[in-house]
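Peer 1: Sequence first, then the predicted structure, then my questions.
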Number of protein chains: 2
Amino acid sequence: MNKKKVVIIGGGFGGLTAARELNNADFEITLIDKTNHHLFQPLLYQVATAALSPGDIAAPIRGILNKQKNLSVIMGEVIKIDREKRFVELHDSEIAFDYLIIAAGASHSYFGNDQWEKFAPGLKTISDALKIRERILLSFEKAERFIGKADVDPYLTFVIVGGGPTGVELAGAIAEISKKTMLQDFRKINTSKTKVILVEAIDRILAAYDPSLSENAKESLEELGVEVRLDTMVSEVNERGVKVGDDFIETPNVIWAAGNTASDLLKSLKTKLDKSGRAIVNSDCSINEDENIFVIGDAANFRGEDGNPLPGVAPVAMQQGKHVAGILSNESNDKREPFEYFDKGNMATIGRARAVMQSGKIKLTGFIAWLAWGFVHILFLIGFRNRYKVMAEWIWYYISYRHGIRLITHKTDL
Amino acid sequence: MNKKKVVIIGGGFGGLTAARELNNADFEITLIDKTNHHLFQPLLYQVATAALSPGDIAAPIRGILNKQKNLSVIMGEVIKIDREKRFVELHDSEIAFDYLIIAAGASHSYFGNDQWEKFAPGLKTISDALKIRERILLSFEKAERFIGKADVDPYLTFVIVGGGPTGVELAGAIAEISKKTMLQDFRKINTSKTKVILVEAIDRILAAYDPSLSENAKESLEELGVEVRLDTMVSEVNERGVKVGDDFIETPNVIWAAGNTASDLLKSLKTKLDKSGRAIVNSDCSINEDENIFVIGDAANFRGEDGNPLPGVAPVAMQQGKHVAGILSNESNDKREPFEYFDKGNMATIGRARAVMQSGKIKLTGFIAWLAWGFVHILFLIGFRNRYKVMAEWIWYYISYRHGIRLITHKTDL
């Protein structure tokens, strides 16, 4: 008898967890991803701000899953899902499924102004992070070259749009590298004069947190020299700069950290999507039209206890991945358990040695919160890729034949 | 009194050594480089074959030199040297000099067939290495996807043109990752069936070494499964593959490791160049027309004791950089010492735990040579960037405010 086919779209936190949880299941599993690597996205802003190398926070999916004999990995882009005929379509082939797990994630939303993307890149992939890193570094280089010959203020101005965790972390990190790391590297410009502006449309940053933490994060950013503009909309981004409220700020350095839209692929699913393009799912993460098609993570709108969709964070995706794998492993079981999110809390760093965190009723700020942040992230990274081994990687390569850095970071035409 | 101006073009081994040796000299020094980083080129093939990250073998020039108060760094491309008016021209500015040290290196030569470059990239920069890395990795991915649907042999075929150290090291490393590292990552293709072909125009590889070592290296490569074709010319490279002798080999994976040409910039110097475009220099490394303009490293043709130009290797460039710095530091001294190259020897690795090396009359092969290679390169890397600190970098960053990975790797329009 042929084994049933499970197709997983996406090798992020959700897809990878589902795949691993099905380790001993009697299926023929195919995991498809557009890139060849799993990415530890919570630290992506550190690549964008030149604190970490891509290889530190990404690992080849094949390498992670190469011991799992019931699974094969395909690098490719799924362009269409055919629910009736039960296959997914790649550019040059089709892959049939009995069960489908869609963990395709989200990308930036420019709220109908896609022409802004060219001038204000977002931060979702290694390639995005490298693009932003180069833009930041080149801007300082240009300021150093052009000072005395032209107005260099625009090169020393950075505008981050969106006061969620990514925006806050980027703003803090850029302020810090300008005022600390870069300071002694340049002779002519004074990098401590760098202006970093964080723009948020509503009345506080980190809206998912308790208001007291939002306030604390704002103060911490301001201590680092970041200008936080609340209740302020961006109405234009072009090659000269960005219109923030009533001001036009001249700068080539605009970074987009506002708004997500789920993968376009979901449209071919012909199920109900919310206004962010996420599939609205049932309590078992399946879609209404088909109990064997599941959507998890950032691609899903799963209504939490408070009636709002669960946030687009790694723990949600991982717990949903595990939940769906559990359903498939007990496929003969008629009654499916509903998914319940166990919220361990949220945390965001603000530069060096400062953070805010919230877990249930516990709220922490400052150095203690930062220590907690570091602890949790190092713990996560150990599961994901052994930090101790990273340290001895160069020697290790010769002993073990393993290559740690097999990343394909540029966009390819697959 | 105004200080005399020294301009150094190039932040490679030669330029960087010259800059450092002038640490205490009473000059106003400007070092100009097209990129923002110094590159440890001898290990570049390891980035191309996914053993090392760019950050492991490159470091920002500003970071290396930021304590040197008599020096400023400019990231930019020198497009012309005006010997009479004594300035170098960048795209948007000019920089005057009293002394000029040209350490602009070399790039690939396709012997008049520049149209081949698109299909057969060479290996000189981080960007080149990443391009080659992605090409290699994508080729395996495509083979895995297309097997059963198309002929995948071309994807599993690699042709390296040129049997010098770079070609030998690339061929060995690619054979090894295919047959070892990649083997358990793929389900459908058998990566150990990968064909690696090394093509050399003359009758032996590693022509700069003793013939017995050339033979040893060839045997070592063959043991790794590399096919070495001697006395064989490449007459065509296109999107379908490469013509090697009388055979046309279908493959998207052709890597160019044959032939160098010195920087085009030297043409504007209006001095005598050899057929590789290198400036022919005097015994003190200056050019015939101007005793205060020096050319060193891969950009120079310096006739060695045997009447042949010195090889394009790091020790030559570094020793010349030091020599020229010595001349400038004693500028009042009328009599200049001639440069003498102290040849410590040559070494090339062939895969894991094998190498050939030659130092004076000493010739070593196999594991002993590989140990010596490892020892010398780790020693070098320590001088260049502290390997022990790399290990603790993530923690270190928070303690010290240093960012280790500030690389601009993509081509930019500076």
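Peer 2: That came through, no problem.
Peer 1: Below-threshold pLDDT in chain A: ranges please.
Peer 2: In the predicted model of chain A, residues A:1, A:378-414 satisfy pLDDT under 70.
Peer 1: Quick check: the gap between the closest residue to residue A:142 other than its chain neighbours and residue A:139.
Peer 2: Residue nearest to residue A:142 in three dimensions, not counting chain neighbours: residue A:155, with 5.0 Å by C-beta to C-beta, 6 or more residues apart in numbering or on different chains. (C-beta placed from N, C-alpha, C; glycine too.) To residue A:139, residue A:155 is 5 Å away according to C-beta to C-beta, to the nearest Å.
Peer 1: Repeat that for residue A:297.
Peer 2: For residue A:297 relative to residue A:139 (C-beta to C-beta), the value is 34 Å.
Peer 1: Same check on residue A:10?
Peer 2: In terms of C-beta to C-beta, residue A:10 sits 33 Å off from residue A:139.
Peer 1: helices or strands up against the helix ranked longest in chain A?
Peer 2: Secondary structure of chain A per DSSP state H: the longest helix is helix A:126-146. Helices and strands touching helix A:126-146, by 3 or more C-beta pairs under 8 Å, 6 or more residues apart in numbering or on different chains; DSSP states H and E, are helix A:44-48, helix A:54-57, strand B:71-75.
Peer 1: need the next SSE after the last one, C-terminal direction.
Peer 2: The one in question is strand B:71-75. Per DSSP states H and E, the first helix or strand lying C-terminal to strand B:71-75 is strand B:78-82.
Peer 1: Please name the strands paired to that next one in the sheet, noting orientation.
Peer 2: With DSSP bridges as the test, strand B:78-82 is paired with strand B:87-90 (antiparallel).
Peer 1: sorry, back to before: and the residue nearest to residue A:142, what is it in contact with?
Peer 2: A:139-140, A:142-143, A:146, A:251-253 (C-beta atoms under 8 Å, 6 or more residues apart in numbering or on different chains).
Peer 1: which among the residues you listed end up buried?
Peer 2: Neighbour counting by 16 or more other C-beta atoms under 10 Å in any protein chain shown classes A:139-140, A:142-143, A:146, A:251-253 among those as buried.
Peer 1: follow-up on the earlier one: am I right that the residue nearest to residue A:142 sits in a strand?
Peer 2: No - assigned with DSSP: H, G, I helix; E, B strand; the rest coil, residue A:155 falls outside any strand and is helix.
Peer 1: Quick check: it vs residue A:167, distance?
Peer 2: Residue A:155 is 21 Å from residue A:167, where distance means C-beta to C-beta.
Peer 1: And for residue A:60?
Peer 2: Applying C-beta to C-beta to residue A:60 and residue A:167 gives a distance of 29 Å.
Peer 1: How about residue A:339?
Peer 2: 29 Å.
Peer 1: Compare the two and say which is more crowded by neighbours.
Peer 2: residue A:167 (26 against 23; other C-beta atoms under 10 Å in any protein chain shown).
Peer 1: just checking, that one touches residue A:206?
Peer 2: No - using C-beta atoms under 8 Å, residue A:167 is not in contact with residue A:206; the gap is 9.1 Å.
Peer 1: Residue A:11 - nearest residue in space that isn't next to it in sequence?
Peer 2: Closest residue to residue A:11 apart from its sequence neighbours, by C-beta to C-beta, 6+ apart: residue A:33 at 3.8 Å.
Peer 1: Return the backbone torsion pair for residue A:334.
Peer 2: Backbone dihedrals for residue A:334, given as degrees, to the nearest 10, come out at phi -70, psi -40.
Peer 1: do the one 4 residues further on as well
Peer 2: The main-chain torsion angles of residue A:338 are listed as degrees, to the nearest 10 and equal phi -80, psi 150.
Peer 1: What of the one 10 residues further on?
Peer 2: Dihedral angles phi and psi of residue A:348 (degrees, to the nearest 10) take the values phi -140, psi 140.
Peer 1: do the same with residue A:160
Peer 2: Residue torsions, per degrees, to the nearest 10, at residue A:160 are phi -110, psi 120.
Peer 1: How many residues are close by it?
Peer 2: 28.
Peer 1: before we move on, what about residue A:233?
Peer 2: Around residue A:233 there are 12 residues (other C-beta under 10 Å).
Peer 1: give the contact list for the nearest residue to it once chain neighbours are set aside.
Peer 2: Nearest non-adjacent residue to residue A:233, counting by C-beta to C-beta, 6+ apart: residue A:201, 5.5 Å away. Counting by C-beta under 8 Å, 6+ apart, residue A:201 makes contact with A:231-233, A:258.
Peer 1: Name only those of the residues you listed that count as buried.
Peer 2: Buried members of those, scored by 16+ other C-beta under 10 Å, are A:232, A:258.
Peer 1: which one of the contacts of residue A:201 sits closest to residue A:116?
Peer 2: residue A:258 (10.5 Å; C-beta to C-beta).
Peer 1: hang on, that closest one in a strand?
Peer 2: No - Residue A:258: not assigned to a strand; according to three-state DSSP it is coil.
Peer 1: From chain B, how far out is it?
Peer 2: 26 Å (C-beta to the nearest C-beta, to the nearest Å).
Peer 1: separation between that residue and residue A:197?
Peer 2: 14 Å.
Peer 1: Next: residue A:293.
Peer 2: Counting by C-beta to C-beta - residue A:293 and residue A:197 are separated by 43 Å.
Peer 1: Ok, residue A:111 next?
Peer 2: 19 Å.
Peer 1: ok, those two, which is more surrounded?
Peer 2: Set residue A:111 next to residue A:197 and count neighbours by other C-beta under 10 Å: residue A:197 wins out with 21 against 11.
Peer 1: Return the residues in contact with that one.
Peer 2: Counting by C-beta under 8 Å, 6+ apart, residue A:197 has contacts A:157-160, A:226-229, A:244, A:249.
Peer 1: A helix includes it, no?
Peer 2: No - going by three-state DSSP, the assignment for residue A:197 is strand, not a helix.
Peer 1: Report the beta-bridge partners for it.
Peer 2: residue A:159, residue A:227.
Peer 1: Now do it against chain B, distance only.
Peer 2: Taking C-beta to the nearest C-beta, one finds residue A:197 at 22 Å from chain B.
Peer 1: Roughly how far does that residue sit from residue B:320?
Peer 2: Applying C-beta to C-beta to residue A:197 and residue B:320 gives a distance of 48 Å.
Peer 1: that older thread, I figured the residue nearest to residue A:11 was touching residue A:61, is that so?
Peer 2: Yes - between residue A:33 and residue A:61 there is a contact under C-beta under 8 Å: 5.9 Å.
Peer 1: how many neighbours does residue A:250 have?
Peer 2: Here the count is done by other C-beta under 10 Å, and residue A:250 has 12 residues near it.
Peer 1: Backbone dihedrals for it, please?
Peer 2: phi -80, psi 120.
Peer 1: got it, and the one 3 residues further on?
Peer 2: Here is the backbone geometry of residue A:253 (degrees, to the nearest 10): phi -110, psi 80.
Peer 1: residue contacts, it?
Peer 2: A:135-136, A:139, A:155, A:157-159.
Peer 1: Flag every residue of the stretch 151-300 of chain A that's near chain B.
Peer 2: A:176-177, A:180-181, A:184-188 (C-beta under 8 Å from any C-beta of the partner chain).
Peer 1: what do you get if the cut-off is 7 Å, keeping everything else the same?
Peer 2: For the stretch 151-300 of chain A, the contact set with chain B under C-beta under 7 Å from any C-beta of the partner chain comprises A:177, A:180-181, A:184-185, A:187.
Peer 1: Are any of the residues you listed buried, and if so which?
Peer 2: With neighbours counted by 16+ other C-beta under 10 Å, those contain buried members at A:177, A:180-181, A:185.
Peer 1: For the residue of the stretch 201-350 of chain A at minimum distance from chain B, grab the count of nearby residues.
Peer 2: Proximity of the stretch 201-350 of chain A to chain B (C-beta to the nearest C-beta) peaks at residue A:349, 10.4 Å away. Using other C-beta under 10 Å, residue A:349 has 26 neighbouring residues.
Peer 1: tell me the contacts of it?
Peer 2: A:169, A:172, A:355, A:370, A:373 (C-beta atoms under 7 Å, 6 or more residues apart in numbering or on different chains).
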